[in-house]
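1. just to be clear, the model below is a prediction. Sequence and coordinates:
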Amino acid sequence: MRKLKIYNLARKLLFLLPPEQSQNISHFFLKLFSGLYKSKQTYFSVKGLKIKNRLGLAAGLDKNARLINEFDNLGFGFVEVGTITPKPQYGNPKPRIKRLISHESLLNSLGFPNEGVATIKPRLQKVRDDICLGVNIGPNKDTVPQEIVNDYLFCYREVFKYADFVTINISSPNTPNLRSLHNIENFKSVIDAILIERSKHQKQPKIFIKISPDEESKTYKDLIKTINDSSIDGVVISNTSNSQKLKESLKVGHLPGGISGKSLKNSANKILKEIKTIINQEKIIVAVGGIFDVDSYNEKFELGADLVQMYTGLIYEGPNLVKRIVKNDNQISSNS
């Protein structure tokens, strides 16, 4: 209770600052104090992926892989970093994050700001063996469409040795042409190239596809059929929403970017439920979107998830939310 009160006070102060500035300050304090949350965890496997628990950190919060140990200390069962691109890039112009406080949501138009794979790679090399690490990869903003596959390949070759899973991000609404990869022919060109590259090496991390929440039902059916027919290991459902209808309901219809947080929950859950009915049982479903408490976490599993990730909920609720969810999950596991 004391930690919750401290975070609530800290959040009030942090929310007086621009979102990216407050995030940098939060990361500074995370480096100082994350060890206070560290606890011993046992390992188990979910469809071949070795994790500490079923709650992971979603990509986007640790873009440059600077805080992997610290997020592990908070109690996450696996940590996903990125999105990482071949070359460093600034991303879209600031301001590019807007808090929608009354809806406990965010609108972001970041555009993959990161230091580039060459700079980030040495940090991945130093990650402890006991941490389940995911690396989210994507193309640079200025990459022409016919070279996008090569961007994914370049990143994959640089990171695969250090990752337990690699997530192919085809769904950010903030990178031009990226969601065109939901077109089945474009999609096949990417996954075929990645799977061929993976087959050349002894180390073969799992490969996940992060999808958009804004597609038609037929698009999901085509994507999942292709995934079912391949050795892709799973899907991440979902990225932020660029739905104009959703934005208008939140009174931000004129602004660029994708919605995350509680406002994403319903659409993400709808797609999760749909995909569960058509995806092969051996594939891993990672669910993201609207995790703010134990109930919203458990709901993802009821709808068919194997694992869950969180981002926006951590910003609004603080690190103690991780501990509450993991404690409840461990109690359920011990009683089952």
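-> Ah, there it is.
2. CA atoms for contacts and neighbours, from now on please.
-> Fine.
3. pLDDT below threshold where in the stretch 51-200 of the chain?
-> Nowhere does the stretch 51-200 of the chain drop to pLDDT under 70.
4. residue boundaries of the strands in it?
-> Along the stretch 51-200 of the chain, the segments classed as strands by DSSP state E, counting those that start in this stretch run 55-57, 78-84, 97-100, 105-108, 133-137, 165-169.
5. in CSV, list those strands along with mean neighbour count.
-> Below are the strands of the stretch 51-200 of the chain laid out as CSV (neighbours: other CA atoms under 10 Å):
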stretch, mean neighbour count
strand 55-57, 26
strand 78-84, 27
strand 97-100, 18
strand 105-108, 23
strand 133-137, 27
strand 165-169, 25
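6. indicate which one of those strands is closest to residue 123.
-> Nearest to residue 123, of all the strands of the stretch 51-200 of the chain, is strand 78-84, at 10.9 Å by CA to CA.
7. would you map the helices across the protein?
-> Ranges of helices in the chain, per DSSP state H, are 2-14, 19-33, 68-74, 117-125, 148-159, 184-199, 217-228, 244-249, 265-276, 294-302, 312-317, 320-335.
8. for those, which one sits closest to residue 259?
-> Smallest distance to residue 259 across these (CA to CA): 7.6 Å, for helix 244-249.
9. which residues sit against the closest one?
-> 253, 259, 263 (CA atoms under 8 Å, 6 or more residues apart in numbering).
10. how about a cut-off of 6 Å?
-> residue 253 (CA atoms under 6 Å, 6 or more residues apart in numbering).
11. that older thread, and the helices of the chain as TSV, adding mean neighbour count?
-> Shown next, in TSV, are these (neighbours: other CA under 10 Å):
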stretch	mean neighbour count
helix 2-14	13
helix 19-33	14
helix 68-74	21
helix 117-125	17
helix 148-159	20
helix 184-199	16
helix 217-228	16
helix 244-249	14
helix 265-276	18
helix 294-302	16
helix 312-317	20
helix 320-335	15
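12. now those as CSV including distance to residue 82?
-> Listed next are these as CSV, based on distance: least, CA to CA, whole Å:
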stretch, distance to residue 82
helix 2-14, 23
helix 19-33, 15
helix 68-74, 11
helix 117-125, 9
helix 148-159, 11
helix 184-199, 18
helix 217-228, 23
helix 244-249, 25
helix 265-276, 21
helix 294-302, 23
helix 312-317, 15
helix 320-335, 20
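13. which stretch among these approaches residue 142 most closely?
-> Of all the helices of the chain, helix 148-159 sits nearest to residue 142, with 9.8 Å by CA to CA.
14. that closest one versus strand 78-84: what angle between them?
-> Counting by axes from the mean of the first three to the mean of the last three CA atoms, to 10 degrees, helix 148-159 lies at 130 degrees to strand 78-84.
15. just the CA trace of helix 148-159, in CSV.
-> Extracted in CSV, the C-alpha atoms of helix 148-159 (Å, rounded to 0.1, in the frame of the first residue of the first chain):
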residue,chain,number,x,y,z
ILE,A,148,11.9,-3.5,-46.4
VAL,A,149,12.5,-7.2,-46.4
ASN,A,150,16.3,-6.5,-46.4
ASP,A,151,15.8,-4.3,-43.4
TYR,A,152,14.2,-7.1,-41.4
LEU,A,153,16.9,-9.5,-42.6
PHE,A,154,19.7,-7.2,-41.5
CYS,A,155,18.3,-6.7,-38.1
TYR,A,156,17.5,-10.4,-37.6
ARG,A,157,21.1,-11.4,-38.5
GLU,A,158,22.4,-8.9,-35.9
VAL,A,159,20.2,-10.0,-33.0
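16. strand 133-137 and that helix, what's the angle between them?
-> Using the same axes, to 10 degrees: helix 148-159 against strand 133-137 is 150 degrees.
17. so how far is residue 270 from residue 109?
-> Using CA to CA, to the nearest Å, one gets 24 Å for the distance from residue 109 to residue 270.
18. apologies, that question was intended for residue 70.
-> Taking CA to CA, one finds residue 70 at 33 Å from residue 270.
19. ok, now residue 241?
-> Per CA to CA, residue 241 is found 13 Å from residue 270.
20. need the strands of the stretch 51-200 of the chain in CSV with distance to residue 207, can you?
-> CSV is the format used below for the strands of the stretch 51-200 of the chain (distance: least, CA to CA, whole Å):
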stretch, distance to residue 207
strand 55-57, 16
strand 78-84, 13
strand 97-100, 29
strand 105-108, 25
strand 133-137, 9
strand 165-169, 5
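21. so which of those is nearest residue 63?
-> strand 78-84 (4.0 Å).
22. which strands and helices sit next to the closest one?
-> Here strand 78-84 touches strand 55-57, strand 133-137, going by 3 or more CA pairs under 6 Å, 6 or more residues apart in numbering; DSSP states H and E.
23. can you name the residues in contact with the first one?
-> The set of residues that contact strand 55-57 without belonging to it, under CA under 6 Å, 6+ apart, is 76, 77, 78, 79, 80, 308, 309, 310.
24. before we move on, what about the longest one?
-> Here strand 133-137 makes contact (CA under 6 Å, 6+ apart) with 79-84, 163-169.
25. now the helices and strands packed on strand 78-84 in CSV, with distance to residue 31?
-> Listed next are the helices and strands packed on strand 78-84 as CSV, based on distance: least, CA to CA, whole Å:
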stretch, distance to residue 31
strand 55-57, 16
strand 133-137, 18
